[in-house]
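Novice: Need the 3D shape of this:
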Amino acid sequence: MSTDRYHYPTPTRWLHWAMVALLAATYAFIELRVLFDKGTDPREALKAAHFMAGLTVLMVALARVAARLQVNVPPIVPALPGWQRASARTVHAVLYAWMLAMPVAGWMMLSAQGTDIGFLGFSVPPLMAPDKALAREIKEVHEIAGRAGYFVIGLHVLAALWHHFVRRDDTLLRMLPVRSHQP
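Specialist: Numbers count the residues shown, from 1 in each chain. Alright, predicted model coming up:
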């Protein structure tokens, strides 16, 4: 996968924005379920959509990791101070770990609950044997990490906006779907 000096490659940008849409949908599905009574069809449909979106997040996250390993990151112009580069690397590492761990934790939780997991018409194999107590523990961790995701994603978005509007560098421009800039 190639890149020019100033831009992320188009596939990398599309994977990024597809992940944004998937994460928004995943959160929306699970948050909206509370509008419906437990056990009702709409609530169960939203939970199923959350699971489906979560597994899709895992697939896209794996593709993003593969793409990231093949791409040289275009430098930010003007260059960042060392502490900002280190902060950016740390937040990105946390985001990637979170995007991989959250769907796996959800998959583990459903497996431990003994729930049959469907994905695009296929049955997904369980990651572990049913264990209701373990399922409750995983669910708690999954929910806490989900709430933490709001913070980490928000930090990422605020940093991008700060770079664009305050620092006025090309951090955000390098990832926008339509590009025409060069420093």
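Novice: Tell me if I'm right that residue 127 and residue 108 touch.
Specialist: Yes - between residue 127 and residue 108 there is a contact under Cβ atoms under 8 Å: 5.1 Å. C-beta here means a position set from N, CA and C on the backbone, and glycine is covered the same way.
Novice: of these two, who's got more company?
Specialist: Remark: of residue 127 and residue 108, residue 108 carries more neighbours, 20 against 14, as counted by other Cβ atoms under 10 Å.
Novice: give me phi/psi at the more buried one?
Specialist: Backbone dihedrals for residue 108, given as degrees, to the nearest 10, come out at phi -60, psi -40.
Novice: And it, how far from residue 55?
Specialist: With distances taken as Cβ to Cβ, to the nearest Å, residue 108 is found 12 Å from residue 55.
Novice: cool, residue 83 as well?
Specialist: Counting by Cβ to Cβ, the gap from residue 83 to residue 55 is 37 Å.
Novice: more crowded one of the two?
Specialist: Comparing residue 83 with residue 55 by other Cβ under 10 Å, the one with more neighbours is residue 55, at 21 against 8.
Novice: Once you drop chain neighbours, what's closest to the more buried one?
Specialist: Nearest residue to residue 55, sequence neighbours excluded (Cβ to Cβ, 6 or more residues apart in numbering): residue 119, at 5.0 Å.
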